[in-house]
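Student: What shape does this take:
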Amino acid sequence: MTKQYMSMENLRFLLYEVHKIQDLLNYKRYEHVGGIEEINLMINAAKDIADKEMFPFFKEMDEKPVVFKDGKIHSHPQLKNIFKAIADAGWFSATSELEQGGMQLPFTLYSAGHLIFEAANSSAQGYIGLSTGALELIEAFGDKSLNETYVPNMIAGKWQGTMALTEPQAGSSLSDITAAANPTESGYYEIVGQKIFISGGEHEACDNFIHLTLARIKGAPAGTKGISLFVIPKFIPENGNLTYNNVVCAGDFQKMGQRGYATTHLVFGESGITKGFLVGEANKGLFYMFQMMNSARIAVGQTAAAVASAAYYASLHYANERPQGRPIASKDLAQEQILIINHADVRRMLFQQKAIVEGSLSLIYECLKYFDLEKATEGDEKEKMYLLLEILTPIVKTYPSDAGITSVSNALQVLGGYGFTMDFDLQQYYRDIRIMSIYEGTSGIQSLDLLGRKIPMQNGKAFQLLVDEIMQTIIASKDFDELHPYSDKLALAMETYKTTLSHLQEFAKQGEIERYLADATLFMELSGIITIAWQWLKQATISQKALKTGETTNQSIAFYESKIATMKFFFKYELPKYISISNSLMNPEIVTIKTDKEMLI
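Tutor: Down below sits the predicted model:
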C-alpha cells in the first residue's frame, strides 16, 4: 500500500463543501467539464499516476540528483516515464482553450491534480508545472507560427518549456536585465546574454527545450518598459529536422533541496548565433510574463503546502507507531510504554502542522476560485474577482512557504533524532520546502507587493473587498452558538488589522515611503495569520453545520470533529500572534532603515 502523502478526503472537502468548485461548472466557460463525478475521475486518475510513477521515486531522485557532467545535464531515467504519463493523461493541455485542443479546465481543478503530484514528488512536478506555464504563454501571446511550431510537442511532453528571467547581475531586479536582442532582416533576433537559476533548462527526459526569455531589444527604453519576450529553442525545427541554436547549458546549480529538479545556467550567443523569436509586441515582455505570474505564485504556495502535507502524514504515521515514555503522571516503570501521539507536546506539533497545511490549502483554493471566476464572469463581478485575486496572491504564495517551513520542522522534530537522519524522509521534506519562500519572488518581494501595490490598489478597494469576504464568514458562523467565541476573536483581530494598516498608511500619506514599507514582511505575516484564521472559521462553520444537520454522508463524523478541533487549536495558539505583530508594526522605534551611521558591524 502506498504511504499517505496527502488527504483525498480533505481535498474533496475543500473542493465541494468549502469552495464549491462544482458551481464553476454552471458557467459557460466550464460547462463542458461535467459535474462532481467527472471531477472525481480526473483527480483519482492523477492520484493513480502519482502513486505509481512519482511517489516511489521521490527519495531516489534526491539520492541520485541531477548532475552536470561531460558538458550535459544527467537526470533520473524515471523522469521520462513521468512526462509520458502526464502527457497521456492530458495534464499538459488541461487549462488550454478548447479550440487549441485543450481541456479548458478550471484552474482550480487543474491545481487539484497538481497538488497530488506536488505532494508525491515536488521535484518531478516542478518540470510539469513549468512547462505548462510556458506553453500557456505561447498560446496566449504568440502568433500562429509560434503556436503551430512549439505547442503540440510541449503538450505531448516531448519538449520542455522554461521561463528564463534571472541574470547573474540582476537577480530579482528585472529592470537591470542586460540580455540583448538584436533584430535581423530574417525575422528573428540574435540573442546575446546569460540566464541563471533556470529550472528545467535541460535534462534527459525531453528532446528540446523552449526558453521563454526576457531580453532587451537594441534601442529599447531603459528599465522594465524596454523588456521584450522571446521564444528561444535549443533546437529550431526546420524542414523536419532540429537545428542546434547555440544555446549552451553551462552547468547545473547543486541545491540543498529539490535535487531531482534541474536548475541551469544558460548562455546565448557565445558559441554562434542564437536565434530568438519575438512573442507579441516589442517592449511588452514583462507585461506578458506577469500575466502568468499569479498562477505561478499560487502554484508555489500550493507546492509548499503539498510538501508540508507529505511531511505531516509521515510524522503522524511515525507518532502512531513509535512507543516511548509513559503517561506523565505514571511512575510505574513496569507499565508498557505508550505511543508518542499520546504526549501533549507531540500532539501540539501535529496539530500545528495540520492547522498550517489544511488552512493554507483552503486559502489557496479560495484564491483559485477567484482566478477561475475572473475568467468566467463579466462587468463588476469580474472586477471584484480580479481585485480579490490580486490582493490574495502574494499572501497565498508567502504564508504556505514561510509557515510551511515551521510545519515541516515540527514534523522532523516529532521523530526526534531519527528525523535528522537520512533513513527517514523528513530531512528531505525540510530541504525541499526551503526554496519555496524564494521561488517566484522572495517573501520580502511578495510583502512589498502586498503593502506597496495591492493594498493601495484602486484606493484600497481590493483590501475592502477582502475585509467584506472575511466579515461574511464571521456573520455566517454566528448561526452556531458553539462558534461565537471564535467569530468574536476573529472580529476583534480584524479591528486590529485595520487599525494597524491605518497607522502605516499615515507614513505613505506623508511621503515617508521607506518608513511605510520598512516592515512589509511583518504586515505580510499579520495578513497571513488573519486570512488563515478566516479559512479555519469557514471550515469549522461548514463542519458544525454538517454535524448539526446530520448531513455527514460526504465525510465521517470524526473528520468534521477534527476540523473543528484544529480550528480551536489555530485560534488558541496561532491567531493571538497578531497582537505582538501589530505592536511591532505600530512601535515608533526605527531600527532597520539605513542611516549615516552603520549599526550592522
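
Student: model confidence over stretch 337-356, on average?
Tutor: Throughout stretch 337-356, pLDDT has a mean value of 96.

Student: buried stuff in that stretch?
Tutor: For stretch 337-356, the neighbour count (16 or more other Cβ atoms under 10 Å) marks 340-343, 346, 349-356 as buried. In this view, the C-beta of every residue, glycine as well, is placed from N, C-alpha and C.

Student: Other residues contacting that stretch?
Tutor: The contact list for stretch 337-356, computed with Cβ atoms under 8 Å, 6 or more residues apart in numbering, reads 308, 311-312, 315-316, 318-328, 400, 403-404, 406-407, 410-411, 413-414, 532, 536, 562, 565-566, 569-570, 573-574.

Student: Are any of the residues you listed buried, and if so which?
Tutor: For the contacts of stretch 337-356, buried by 16+ other Cβ under 10 Å: 308, 311-312, 315-316, 318-319, 322, 326, 400, 403-404, 407, 410-411, 414, 532, 536, 562, 566, 569-570, 574.

Student: Could you pull out the helices in the stretch 151-300 of the chain for me?
Tutor: Assigned by DSSP state H, counting those that start in this stretch, the helices in the stretch 151-300 of the chain fall at 285-291, 293-319.

Student: The ones you listed: which one's closest to His484?
Tutor: Closest approach to His484 among the helices of the stretch 151-300 of the chain is made by helix 293-319 (29.4 Å; Cβ to Cβ).

Student: Show me what that closest one packs onto, helices and strands only.
Tutor: Identification of packing neighbours for helix 293-319 by 3 or more Cβ pairs under 8 Å, 6 or more residues apart in numbering; DSSP states H and E yields helix 107-120, helix 122-141, helix 344-376, helix 379-414, helix 426-433.

Student: tell me the most buried of those?
Tutor: Greatest average neighbour count among these goes to helix 107-120 (a mean of 26), per mean count of other Cβ atoms under 10 Å.

Student: Show me where this structure has its strands.
Tutor: Using DSSP state E, the strands of the chain run over residues 67-69, 72-74, 159-164, 180-183, 189-199, 208-217, 227-233, 235-238, 241-244, 247-252, 263-268, 275-278.

Student: re earlier: ok, the buried residues of stretch 337-356 vs Gly226, which is closest?
Tutor: Nearest member of the buried residues of stretch 337-356 to Gly226, counting by Cβ to Cβ, is Ile356, at 41.5 Å.

Student: how far away is that closest one from Leu130?
Tutor: Here Ile356 is placed at a distance of 25 Å from Leu130 (Cβ to Cβ, to the nearest Å).

Student: Point to the residue nearest the middle of the chain.
Tutor: Central residue of the chain (Cα atoms, centre = their mean): Val300, 2.0 Å from the mean position.

Student: and it, what is it in contact with?
Tutor: Contacts for Val300 were tallied using Cβ under 8 Å, 6+ apart; they are Lys397, Ser401, Met436, Tyr439, Glu440.

Student: mind checking pLDDT for it?
Tutor: For Val300, the predicted pLDDT is 96.

Student: do the same with Tyr188
Tutor: Looking at Tyr188, its pLDDT stands at 96.

Student: Equivalent analysis for Thr2, please.
Tutor: Looking at Thr2, its pLDDT is 49.

Student: re earlier: and among the helices of the stretch 151-300 of the chain, the most buried is which?
Tutor: Mean neighbour count (mean count of other Cβ under 10 Å) peaks for helix 293-319 among these, with a mean of 26.

Student: Distance from the chain centre to it, please.
Tutor: Averaging C-alpha positions (Cα atoms, centre = their mean, to the nearest Å) puts helix 293-319 9 Å from its chain's average.

Student: between it and helix 122-141, how many degrees?
Tutor: 160 degrees (axes from the mean of the first three to the mean of the last three Cα atoms, to 10 degrees).

Student: Can we start the residue count at 630 from this point?
Tutor: Sure, I'll start numbering at 630, so the last one becomes helix 922-948.

Student: and the angle from helix 922-948 to strand 788-793?
Tutor: Using the same axes, to 10 degrees: helix 922-948 against strand 788-793 is 110 degrees.

Student: hang on, the earlier thing: distance to Ile1208 for the buried residues of stretch 966-985 - can I get that in CSV?
Tutor: Below are the buried residues of stretch 966-985 laid out as CSV (distance: Cβ to Cβ, whole Å):
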residue, distance to Ile1208
Ile969, 32
Ile970, 31
Asn971, 32
His972, 29
Val975, 27
Met978, 23
Leu979, 25
Phe980, 21
Gln981, 18
Gln982, 23
Lys983, 23
Ala984, 18
Ile985, 19
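
Student: Which two of the residues you listed have the greatest separation?
Tutor: Most distant of the buried residues of stretch 966-985, by Cβ to Cβ, are Asn971 and Ile985, 22.2 Å apart.

Student: elements contacting the helix or strand of the chain with the lowest mean pLDDT?
Tutor: For the chain, counting by mean pLDDT, DSSP states H and E, helix 914-920 ranks last in confidence among helices and strands (a mean of 87). Packing contacts for helix 914-920, counted by 3+ Cβ pairs under 8 Å, 6+ apart, involve helix 751-770, strand 837-846, strand 856-862.
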